[in-house]
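Novice: please find the sequence and the predicted model below.
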Amino acid sequence: MFSGKSEELIRRLRRAKYAKQKMLVFSPTIDDRYGVNGIYSHNKNNVSAYSVKDVNEMTKILYENPDTEVIGIDEIQFFEKNVVDFCKKCIELGKRVIVAGLDLDFKGVPFQPLPELMAIADEVEKLSAICTVCGNKAYASQRLIDGKPAYDDDPLVAVGSDEKYEARCRMHHIVRKRTVNPNLIEFIVQLDSDSKKIEDIKSLSGYNIVKLDISKKVKEIRENILKLHGEDRKIAILIPHSISSRIEGKYEVLDLMAEFVKCSNINILSDDKFENLITTCSLIRKCELNIKNIYLTCDNKTDVEKIKKNIGIIPIFI
Ligand SMILES: Nc1ncnc2c1ncn2[C@@H]1O[C@H](COP(=O)(O)OP(=O)(O)O)[C@@H](O)[C@H]1O
Ligand SMILES: Cc1cn([C@H]2C[C@H](O)[C@@H](COP(=O)(O)O)O2)c(=O)[nH]c1=O
Ligand SMILES: [Zn+2]
């Protein structure tokens, strides 16, 4: 963007006008930045044009004006692929076709249908703007959202001008990739009654420990977990209730934990109520959740062997 494509198109169309050639000029309806029914450069230089939404509309107008000699199209990247056939048809009919469009999108990926149009064109003039950071020749358009580079999964089409885009050279053109929080959510199922022990768990140091509040709505709880995890934080969710407790009277805590099966570990804090531990572990495993650690808050050494044999995990005393 800002390379002077529209200015150049306007210049060529003005010359055709001086030559008294009959012209049809098209601009996509979607581009209403500086006005409709015209081609406008960033300097507000303009020529009048038909504002059309697709190739069908262009074809109709062309049939109504069969003596057209020159056809100009701006922002051709906003038209469907069939605009290539339209251009070919016009050339076969002996008309001169001048189009302007963006070759690369904000990610630096070829913007369809420019690659095909450039391949079939008799003449291609590639214009460059100036990098707003270093003053070198620009390579692509930097999309900025709240002043920060856009992400690679942002929508392809976003009409705008310098409030959204800047010309940038290769070095200063940035596309952000959305990073997935590499930290798994650590659920801490508390089967004992001594919550103070949680601070003693070394593997959870640095974690933001959030207590699950089952008086809230499922949607609210879920969104809060997603938000905290999405913020790239290390989070541990303390479950001070039975995993069979219900949220909103119908949804078990275990159902909620199962929603995060792909991005969570389960840690269990247990005292000497062995049966309770066995039942909890088997319910958790039925949901294919990963039990990472079992922490014993009692010092009953006989439990270690029982847990190892029945659950397959060597418990850690805290
Ligand atoms: N970074 C930039 N590099 C070059 N020209 C710029 C820049 N920013 C704004 N401009 C202005 O934009 C004009 C080109 O506008 P325009 O023809 O609409 O470009 P395009 O259609 O390629 O976006 C230039 O003549 C200049 O006045
Ligand atoms: C890079 C890029 C641009 N756009 C939009 C933004 C503008 O409305 C036009 C380009 O206009 P210009 O005449 O070249 O200044 O295209 C878009 O929708 N998606 C993109 O990736
Ligand atoms: Zn630069």
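Specialist: Nice, thanks for sending it over. Ligands and ions are numbered 1, 2, ... in the order given.

Novice: can you pull the contacts of the most centrally placed residue in the chain?
Specialist: Nearest to the mean C-alpha position of the chain, by CA atoms, centre = their mean, lies residue 153 at 3.1 Å. By CB atoms under 8 Å, 6 or more residues apart in numbering, the contact set of residue 153 is residue 178. For glycine as for every other residue, the C-beta is placed from the backbone atoms N, C-alpha and C.

Novice: show me where the stretch 1-150 of the chain has its strands.
Specialist: Assigned strands in the stretch 1-150 of the chain, in chain order: 23-28, 38-40, 46-48, 50-52, 70-73, 96-99, 140-145, 148-149 (criterion: DSSP state E, counting those that start in this stretch).

Novice: could you dump those strands to a markdown table with mean pLDDT and mean neighbour count?
Specialist: Shown next, in a markdown table, are the strands of the stretch 1-150 of the chain (pLDDT from 0 to 100; neighbours: other CB atoms under 10 Å):
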| stretch | mean pLDDT | mean neighbour count |
| --- | --- | --- |
| strand 23-28 | 97 | 23 |
| strand 38-40 | 91 | 22 |
| strand 46-48 | 91 | 16 |
| strand 50-52 | 96 | 18 |
| strand 70-73 | 98 | 24 |
| strand 96-99 | 98 | 19 |
| strand 140-145 | 96 | 21 |
| strand 148-149 | 90 | 14 |
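
Novice: who wins for proximity to residue 180 among the ones you listed?
Specialist: strand 148-149 (18.1 Å; CB to CB).

Novice: tell me if that closest one is near ligand 2.
Specialist: No. Counting by CB under 6 Å from any ligand atom, ligand 2 is not contacted by strand 148-149; separation bottoms out at 12.3 Å.

Novice: name the next helix or strand downstream of that strand, please.
Specialist: Note on strand 148-149: by DSSP states H and E, the next helix or strand toward the C-terminus is strand 165-168.

Novice: what sits up against that next one?
Specialist: Contacts of strand 165-168 (CB under 8 Å, 6+ apart): 1-3, 106, 128-133, 138-144, 174.

Novice: any part of that strand near ligand 1?
Specialist: Yes. Using CB under 6 Å from any ligand atom, strand 165-168 comes into contact with ligand 1 via residue 167.

Novice: packing partners of the helix or strand following that strand?
Specialist: Going down the chain from strand 165-168, the next helix or strand is strand 185-190, by DSSP H and E. Judged by 3 or more CB pairs under 8 Å, 6 or more residues apart in numbering; DSSP states H and E, strand 185-190 is in contact with strand 235-239, strand 264-270.

Novice: so which of the ones you listed is nearest ligand 1?
Specialist: The minimum distance between ligand 1 and the helices and strands packed on strand 185-190 falls on strand 235-239, with 42.7 Å, by CB to the nearest ligand atom.

Novice: what lies in contact with the closest one?
Specialist: Identification of contacts with strand 235-239 by CB under 8 Å, 6+ apart yields 183, 185-190, 195, 198, 204, 207-212, 225, 228-229, 253, 257, 267.

Novice: next one: stretch 25-33
Specialist: Applying CB under 8 Å, 6+ apart, the set of residues contacting stretch 25-33 from outside is 13, 36-40, 47-53, 58, 61, 71-75, 78-79, 157, 159-161.

Novice: so which of the residues you listed are also by ligand 2?
Specialist: 75, 157, 159, 160.

Novice: give the PyMOL command for selecting the buried subset of these.
Specialist: Buried residues within these, by 16 or more other CB atoms under 10 Å, are selected in PyMOL with:
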select buried, resi 75
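
Novice: save the ones next to ligand 2 among the contacts of stretch 25-33 as JSON lines, and put in pLDDT too.
Specialist: What follows is those, written out as JSON lines (pLDDT from 0 to 100):
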{"residue": "75", "pLDDT": "97"}
{"residue": "157", "pLDDT": "96"}
{"residue": "159", "pLDDT": "96"}
{"residue": "160", "pLDDT": "95"}
